[in-house]
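Enquirer: Sequence and computational prediction follow.
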Amino acid sequence: MKNPYQSYPAKITKIVLDAPETRAFTFRFQDAKRQAAFKFIPGQFLMAGLPGIGEIPVGINSPTYQKKFLQITVRGVGRVSKAIQHKTVGSILWVRGPYGNGWPMEKIKKKNLVVIAGGLGIIPLKPLIDEASHSDWGKKIQVQVFYGSRNFENLLFEPQYKRWNKFYRTQIILDTASGRWRGEVGRITDLLDKNQLPHDAIVTACGPPIMYKFLTPKLLEKGFKAEDIYLSLERKMYCAIGVCEHCAIGDKYVCKDGPIFSLAEINQMPKAF
Ligand SMILES: Cc1cc2nc3c(=O)[nH]c(=O)nc-3n(C[C@H](O)[C@H](O)[C@H](O)COP(=O)(O)OP(=O)(O)OC[C@H]3O[C@@H](n4cnc5c(N)ncnc54)[C@H](O)[C@@H]3O)c2cc1C
Ligand code: FES
């Protein structure tokens, strides 16, 4: 019988320190066939682990059309994530997945798109932004990206912004101005007030619970429907396949039914954020 927790060795080919304690790891499955066949939906996640230490859920940030490698970005906050931080090029990560539902791509392709990221929340949104800028459907819709970060040092994927801006407006706001920042300072909700938002749009958002607390009433006030607002939720996870119940919120499993839920669904879930 197939082991549902089976993970596979993947060799790290590149590591970039993208923000304090936050590194982007590029890797390839050692089995070339597995690498070539790997498919995922933007917003899905992997379980990345080290033998004898443990495994953690991490979003995939490489583009869906990139077949040669995968990329994750890990912030060292605890036991496993800090151990991954110490790995070097050539080290092996043990990886399983992809897991979760991903962003509602069929719905997104038929409407306009507003992408809202706070902090590390940009990670699962990056493959969506990449796909929108790389595909025919992305050219047919209006896309707007808003990204809020604590400070300049914590901004992720900075080299990508120029490319994203060629396709659609990417607006960034920092909690506090620092470094060489000359742009907006304030909260992400300030950007929503300052900008004309596309009509008939799907909102895809990922960020900390505090961001959702302020963001969701603002989006409803702006006329977006709860069914069209999608948020990615975070919970501690072990199995990632709906067995251990660690990630349960009411009768939903964040790992299997989510991590992405519409606000309409979230409104039926107890204390989702
Ligand atoms: C679907 C999903 C995608 C994620 N994607 C990324 C990603 O792309 N990059 C990234 O750096 N992190 C991501 N995370 C968070 C990451 O999984 C946690 O930081 C990690 O599990 C912490 O484990 P640890 O052993 O390093 O820390 P631990 O020693 O277990 O804990 C350190 C601290 O973090 C808290 N914590 C642990 N897990 C979580 C969690 N899931 N949510 C909130 N707090 C937690 C603990 O309560 C503790 O306070 C994601 C989480 C989920 C659920
Ligand atoms: S992590 Fe085990 S049920 Fe979700």
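Expert: Thanks, I have the structure now. Ligands and ions are numbered 1, 2, ... in the order given.

Enquirer: Grab the most central residue of this protein for me.
Expert: The centre of the chain sits closest to residue 124, judged by C-alpha atoms, centre = their mean, with a distance of 1.5 Å.

Enquirer: can you pull the pLDDT of that residue?
Expert: pLDDT for residue 124: 98.

Enquirer: What parts of the stretch 151-273 of the chain come near ligand 1?
Expert: 234, 235, 236, 237, 259 (C-beta under 6 Å from any ligand atom). (Glycine included, C-beta is placed from N, CA and C.)

Enquirer: In ChimeraX, how would I select the buried members of these?
Expert: To isolate the buried ones among those in ChimeraX, judged by 16 or more other C-beta atoms under 10 Å, type:
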select :234,237,259
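
Enquirer: For the chain, which helix or strand comes out least confident on mean pLDDT?
Expert: Scoring the helices and strands of the chain by mean pLDDT, DSSP states H and E places helix 161-167 at the bottom, with a mean of 86.

Enquirer: so what does that helix touch, helix or strand wise?
Expert: Counting contacts by 3 or more C-beta pairs under 8 Å, 6 or more residues apart in numbering; DSSP states H and E, helix 161-167 is packed against helix 122-134, strand 169-174.

Enquirer: Residue 204 reaches residue 111, doesn't it?
Expert: No: in terms of C-beta atoms under 8 Å, residue 204 does not count as a neighbour of residue 111; the distance is 11.0 Å.

Enquirer: and those two? which has more neighbours close in?
Expert: residue 204 (26 against 17; other C-beta atoms under 10 Å).

Enquirer: Give the full set of residues in contact with that one.
Expert: By C-beta atoms under 8 Å, 6 or more residues apart in numbering, the contact set of residue 204 is 43, 103, 108, 113, 114, 115, 116, 125, 128, 230, 260.

Enquirer: Using CSV, please lay out these together with neighbour count and secondary structure.
Expert: Shown next, in CSV, are the contacts of residue 204 (neighbours: other C-beta atoms under 10 Å; DSSP: H, G, I helix; E, B strand; the rest coil):
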residue, neighbour count, secondary structure
43, 26, coil
103, 23, coil
108, 24, helix
113, 24, strand
114, 24, strand
115, 27, strand
116, 28, strand
125, 25, helix
128, 25, helix
230, 23, strand
260, 24, strand
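
Enquirer: Adding distance to residue 37, write the residues you listed out as a markdown table.
Expert: Output for the contacts of residue 204, formatted as a markdown table (distance: C-beta to C-beta, whole Å):
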| residue | distance to residue 37 |
| --- | --- |
| 43 | 20 |
| 103 | 22 |
| 108 | 25 |
| 113 | 28 |
| 114 | 33 |
| 115 | 28 |
| 116 | 32 |
| 125 | 25 |
| 128 | 22 |
| 230 | 28 |
| 260 | 24 |
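
Enquirer: Tell me the one among those residues nearest to ligand 2.
Expert: residue 260 (14.1 Å; C-beta to the nearest ligand atom).

Enquirer: Specify the beta-bridge partners of that closest one.
Expert: residue 232 (DSSP bridges).

Enquirer: Surely it is in contact with residue 231?
Expert: Yes: here residue 260 reaches residue 231: they are 7.1 Å apart, a contact under C-beta under 8 Å.

Enquirer: ok, now how distant is the closest residue to ligand 1 within the chain from residue 174?
Expert: With C-beta to the nearest ligand atom, the shortest gap between the chain and ligand 1 falls at residue 78, namely 1.9 Å. Going from residue 78 to residue 174 by C-beta to C-beta, to the nearest Å gives 26 Å.
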